[in-house]
Structure formats: C-alpha cells, structure tokens
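Novice: Sequence first, predicted model second:
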Amino acid sequence: MKQYQSELKDKSDDYKARHGAMLEKLSELNLCMKSVREPDDKAVVRLRKRGKNPARAKIRKIIDPGTEVLEIGALAAFNMYEDIPGGYPSAGSVIVVATVCGRKVIIMANDPLVKSGAWVETTCKKNLRAQEIAMENRLPIIYMVDSAGVNLERQAEIFPDKLHFGRIFRNNAKMAAMGIPQISCVFGFCVAGGAYLPGMSSDLAMVSKNSSMFLAGPFLVQSALGQVVDMETLGGANMHNQISGVADYQFENEDDACQWIRDQVDAIGKRPLAGFDRIVAKPPKYNPDEILGILPHLPTGTYEMREIIARVVDESRFEEFKPHFGQTLITCFARIGGFVVGIVANQGKPVYKQMPPDMQGKPQPPQVQIGNVIYSDSANKASHFMMLCNERLIPLVFLHDVTGFMVGKMAENNGIIKDGSEMVNVQANSVVPKFTVIVRNSFGAGNYAMAGKAYDPRLIFAWPSARLAVMDGGVAADTVLLTKRDLGEEEKKQFREKLVKKYESEMSPYYSAARMVVDGVIDPRETRKSLIWGLEMALHNPEIPEYRTGVLRM
C-alpha cells in the first residue's frame with residue numbers, strides 16, 4: 001500500500017479557521033456529554049448512603065483497570081423528554097462495550113438516578129441496540145439491573161409493538177440459543193415484565209437488602225388480591241435465593257457482586273475468532289489532531305477526503321481501487337489497528353472526468369462532477385469494490401459526506417436508477433462487518449448506499465459536523481414552494497424560513513443521536529479508535545455466511 005503524501009498546510013489561515021470552527025463544535029459536544037454523564041451530587045450522596053453506586057461507577061468496578069470503554073447511546077433521549085423534570089439523561093441506562101478479564105463484553109446498566117431506572121421508548125430502543133450488538137458480534141452481555149420497570153405514564157410508547165419491551169425477552173431467548181452468555185445481577189428494583197430479563201439470563205445474582213424482584217409489587221398485590229406483604233418477603237434476595245430458587249447467588253454489597261460478575265466472565269471458555277487478516281498496528285504518519293482543520297466550517301465548502309483517510313489508517317498507507325474511474329467515490333484498501341479494511345468514502349471536492357475526443361478527433365473539455373454526489377460510474381465502482389471485500393472477508397468502513405445520487409436528464413438517461421439500485425442491492429446483501437462514520441452530509445438514498453442505519457452497520461457514529469436528512473433544508477423548502485402557487489411572496493418567505501429552521505433542527509447529529517439513529521456523536525480524532533473497537537468486537541463472530549445477491553440490473 002502506498003503512503004499518502006499530505007498537502008495539508010496546517011499554518012494556513014484556512015486551516016486555522018476550520019480547526020477553530022471544529023473546536024467550537026467540540027465544545028458544544030463536551031457540554032452535552034457532561035450534562036448527561038454527571039449526575040446531581042446530592043442525588044449521588046443519597047444513593048451511596050443506601051450502599052449503592054451510580055451506573056457508571058458500578059461499570060468502572062467491573063472493567064479491567066486502566067482500560068477504556070466505548071459508550072453506545074450516551075446522548076439517547078437528549079432533549080426529547082422536556083415535559084419530565086430533569087429529562088431522561090442517556091435514556092436512563094448506560095451501555096458500553098468494555099474489556100473484562102481480557103475479553104470484550106457488552107454491559108447494560110440501568111441508572112437508578114433517572115426516574116428509578118424506569119423505561120421509556122428510547123430506553124427500550126437503546127437496550128435493544130445493546131442486545132443487537134451482542135448478537136451480531138457474539139459478545140457476552142452483562143445486565144446490571146436496577147429498574148422500576150415501564151414508565152406507566154408512557155406505556156403505549158413501549159408496550160405492544162415489535163421493537164418494544166417484549167423484544168428484550170425474545171432476544172434473551174435467542175441469545176441463549178446462540179450460546180451467548182448473559183450474566184445478570186439485580187442491584188435494586190426489578191419489577192413486572194422487567195423481571196423476565198434477569199429471569200431468562202444464564203445466571204443471576206442479587207444484592208441483599210437493596211434488590212427485589214417480582215411481577216407485581218406490594219401495592220398491586222394488595223389491590224388485586226388483598227394480600228398485605230412487604231417487599232423483602234415478596235421478592236427480596238433472601239426469598240429468591242432460599243425459597244423460590246429464582247436467583248443463583250446472593251451478595252451482601254455491590255463490591256462483592258461486581259467481583260462475582262468479573263469471575264463469571266473470567267470463566268467463559270475461548271471460542272474460534274473470525275478470519276480477518278490482522279498484523280501489528282502502526283499509528284498514522286500524520287497527526288490525527290489535524291483532522292480538525294480539514295473539514296470546512298460551511299456545509300458547502302470543499303476539501304480532500306484522502307487527507308482524512310490518511311489520519312485514520314495505519315501509517316497513512318492505502319491502495320486505491322479504480323482511482324481514475326468514478327472519482328466522486330474513493331474506494332481503497334488500508335489497515336486500521338492492523339486489520340485490513342475496505343474503505344468507501346465520498347469525495348469532498350469537485351472532480352474532473354476526462355472526456356474522449358469527438359468523432360472528428362477534437363479534444364473535449366473535462367466534465368465537472370460534484371464531489372459528494374454519487375454518479376453512475378461511482379456507484380458501479382463501489383458495487384464492484386464491496387463485492388470484492390465480501391469475497392475476501394474484508395470488513396468495510398464507510399465515510400459519509402453524500403448529498404445523494406445524481407439527478408437530471410443526463411443522469412436518468414445514463415441509468416442512475418439502475419446503477420444506484422445495484423449499489424444498494426450489494427450493500428443490503430453484504431455479509432462482512434460494516435462500520436459507518438458520518439463526517440458531514442448524509443442525505444436521501446446516499447445514506448442507504450453508504451451503509452446508513454437501515455443497512456446494519458455494526459457501529460455507526462457521527463461527527464459534530466454531521467447532518468442527516470432526506471435533503472438539505474433549503475432545497476427541500478424550494479421544492480415544496482414550487483407546489484404552493486396560491487401563496488403570496490411574503491407567505492412564501494415565511495414558509496421557507498419555517499421549513500428551513502425545522503430541517504436545521506432535525507438534521508442535527510444530536511437529534512439523530514437522541515433517537516438512536518447513530519450510536520453516538522464522536523470527536524473526529526476518536527474515529528480511528530472507535531473503528532478499532534468495532535473491528536475487535538467483530539472478531540468474536542466467526543460465522544460469516546456466503547455472499548450472494550439477487551438479480552442485478554446491469
């Protein structure tokens with residue numbers, strides 16, 4: 001693989017302006033993360049007086065000392081539940097990919113400081129995502145249960161549908177059949193349907209005095225049956241360990257319970273790993289901090305995507321596939337963390353397609369193509385490249401900055417629907433692990449073709465500069481206005497301003513992160529590290545089916 005020769009001028013005024021603009025976005029990101037990760041000090045004091053710890057503190061007791069975690073959905077429910085005092089920070093649960101006793105695991109912990117761990121719809125969506133990651137990568141999953149169950153005031157949002165609360169227990173059963181260890185410890189409340197989650201796990205522990213499990217609490221039992229019973233007698237740790245046999249272990253404090261979780265993980269046997277090629281990792285030649293000065297601070301500014309790739313991949317080396325064809329998409333082989341990967345990335349600047357001479361042999365001027373648009377030739381190149389990666393068991397990485405497929409008379413005459421459909425077909429049927437990073441724009445069908453959330457990436461993250469929508473807000477407003485012929489000029493102006501403002505809010509990466517459309521918003525400098533986490537996760541699932549597609553309209 002060739003080492004990329006960077007042309008980035010880190011002393012230029014343009015670089016400094018871009019770097020400064022990204023630092024401003026990162027300040028906003030850090031403030032958002034702080035608001036969801038740092039609980040109220042007084043609430044923490046009250047919790048500790050009961051012998052309990054906040055969710056993230058419990059997680060730190062379990063993971064290997066000195067190791068980091070990859071948090072999933074930290075911004076889930078961000079600014080979504082403003083009618084509830086305090087909102088729903090991180091949707092009331094903390095989910096991380098972590099290293100425990102040298103092994104990659106998923107940890108799913110209810111946060112008792114957020115409405116006693118009660119679930120809303122976004123909590124459910126987030127916890128289902130944790131189980132999905134565990135199943136896709138065959139990772140053991142640890143449930144740290146401390147939840148009052150469903151938020152009854154919002155039950156209709158979480159109860160009856162396919163991807164609602166009941167899917168959690170369906171996944172419990174499916175993971176058990178797949179041989180995925182599920183380790184549960186009840187640290188506090190475990191009420192109603194929520195009791196099935198630990199009840200369907202491989203093994204289950206409870207903490208004395210603080211933990212309780214029952215399908216109906218004392219008040220409901222008294223109301224329904226007339227029985228007066230206290231919480232400990234109804235479903236405490238003593239009862240479930242000595243009488244019902246529902247629990248397998250009992251501990252006097254959280255520290256002992258956390259050590260038990262570590263012991264359980266340590267005892268899990270080793271399984272075969274996936275056959276992805278990996279050598280010793282080497283850092284990029286260029287400083288990843290320079291990524292902050294590459295992306296323009298305006299959504300229409302241009303840049304060289306290869307400069308970003310060079311600061312993510314090992315030794316800044318990559319080998320382009322069809323470098324002179326379909327140049328609005330970059331397709332290349334590289335290594336990230338020692339793993340061979342195939343990268344598909346949208347170009348951030350216009351490209352010039354050399355045209356052949358006319359029939360009289362007269363030279364033709366080059367055709368200018370918009371950088372972050374997918375043309376027919378780019379789609380065909382990407383389809384070919386993705387099929388190569390599937391044939392050779394090479395994981396795929398997608399770097400989004402796409403405004404969609406090319407439109408217009410010439411594009412339609414050239415068969416853009418056919419070529420775009422082929423790319424989406426290949427994408428949908430891809431069997432190797434896929435990882436997606438949304439750098440800037442991710443609009444329309446371009447999102448689908450570049451492995452958006454609907455196309456099952458193992459992980460999907462957004463930079464603070466990301467924008468996700470059907471199309472740009474201004475374009476959408478102008479399109480709709482063409483149908484509003486009965487409006488006056490002032491009314492059209494007001495309509496446009498209102499729609500653009502709505503789009504700007506909904507395109508925000510924080511809007512998508514709140515709804516779990518992406519797994520998180522990350523500092524661009526963390527891109528390489530996040531991808532390595534994903535690749536190491538994917539190693540644990542050796543079962544990759546044979547790659548095939550249906551009919552491709554050539």
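Specialist: That came through fine. Nothing here was measured: the structure is a model prediction, and the numbers come from that model.
Novice: Please give the element, helix or strand, for the nearest residue to residue 429 once chain neighbours are set aside.
Specialist: Distances taken as C-beta to C-beta, 6 or more residues apart in numbering put residue 549 closest to residue 429, at 4.7 Å, once the chain neighbours are dropped. Where C-beta positions appear, they are placed from N, C-alpha and C, glycine not excepted. Using DSSP states H and E, residue 549 sits within no helix or strand.
Novice: ok, how many other residues are close to residue 549?
Specialist: Using other C-beta atoms under 10 Å, residue 549 has 15 neighbouring residues.
Novice: pretty sure it is touching residue 423, no?
Specialist: No - Residue 549 is beyond contact range of residue 423, at 11.0 Å (criterion: C-beta atoms under 8 Å).
Novice: circling back: contacts only, for the residue nearest to residue 429.
Specialist: Taking C-beta atoms under 8 Å, 6 or more residues apart in numbering as the criterion, residue 549 is in contact with 387, 425, 426, 429.
Novice: Next one: the first one from residue 342, what distance?
Specialist: Distance, residue 387 to residue 342, by C-beta to C-beta, to the nearest Å: 10 Å.
Novice: same thing with the third one?
Specialist: Here residue 426 is placed at a distance of 12 Å from residue 342 (C-beta to C-beta).
Novice: what pLDDT, on average, does stretch 496-513 get?
Specialist: Average pLDDT, stretch 496-513: 92.
Novice: Common neighbours of residue 426 and residue 342, please.
Specialist: Residues touching both residue 426 and residue 342 (C-beta under 8 Å, 6+ apart) are residue 386.
Novice: From the contacts of residue 549, which land in strands?
Specialist: Counted as lying in strands by DSSP state E, out of those, is not a single one.
Novice: farthest-separated two in these?
Specialist: Distance extremes for these: the farthest pair is 387 and 425 at 10.4 Å, using C-beta to C-beta.
Novice: what distance separates stretch 335-346 from the centre of its chain?
Specialist: Counting by C-alpha atoms, centre = their mean, to the nearest Å, stretch 335-346 is centred 18 Å from the centre of its parent chain.
Novice: Quick check: mean pLDDT of that stretch?
Specialist: 98.
Novice: Now do residue 545: how many residues are near it, please.
Specialist: 7.
Novice: Report the residue spans of this structure with pLDDT below the cut-off.
Specialist: Of all residues in the chain, none has pLDDT under 70.
Novice: can you name the farthest residue from the center of it?
Specialist: In the chain, residue 360 marks the outermost C-alpha relative to the chain mean, sitting 54.3 Å out by C-alpha atoms, centre = their mean.
Novice: can you confirm it is in a strand?
Specialist: No - counting by DSSP: H, G, I helix; E, B strand; the rest coil, one finds residue 360 to be coil, located in no strand.
Novice: Please point out which parts of the strand or helix carrying residue 71 sit buried.
Specialist: Here residue 71 is covered by strand 70-72, with elements defined by DSSP H and E. By 16 or more other C-beta atoms under 10 Å, the buried positions in strand 70-72 come out as 70, 71, 72.
Novice: of those, closest to residue 27?
Specialist: Nearest to residue 27 out of the buried residues of strand 70-72 is residue 71 (C-beta to C-beta; 19.3 Å).
Novice: surely the closest one meets residue 520?
Specialist: Yes - using C-beta under 8 Å, residue 71 makes contact with residue 520 at a distance of 6.6 Å.
Novice: need the contact list for the nearest residue to residue 108 once chain neighbours are set aside.
Specialist: Leaving aside its sequence neighbours, residue 108 sits nearest to residue 130 (C-beta to C-beta, 6+ apart; 4.6 Å). Contacts for residue 130 (C-beta under 8 Å, 6+ apart) come out as 72, 95, 106, 108, 141.
Novice: which SS state does the third one fall under?
Specialist: So that's residue 106. Classified using three-state DSSP, residue 106 is strand.
Novice: Would you confirm that residue 484 contacts residue 495?
Specialist: Yes - with contacts counted by C-beta under 8 Å, residue 484 reaches residue 495, the gap being 6.6 Å.
Novice: who has more neighbours, those two?
Specialist: Using other C-beta under 10 Å, the more surrounded residue of residue 484 and residue 495 is residue 495, with 15 against 12.
Novice: Sounds good, over and out.
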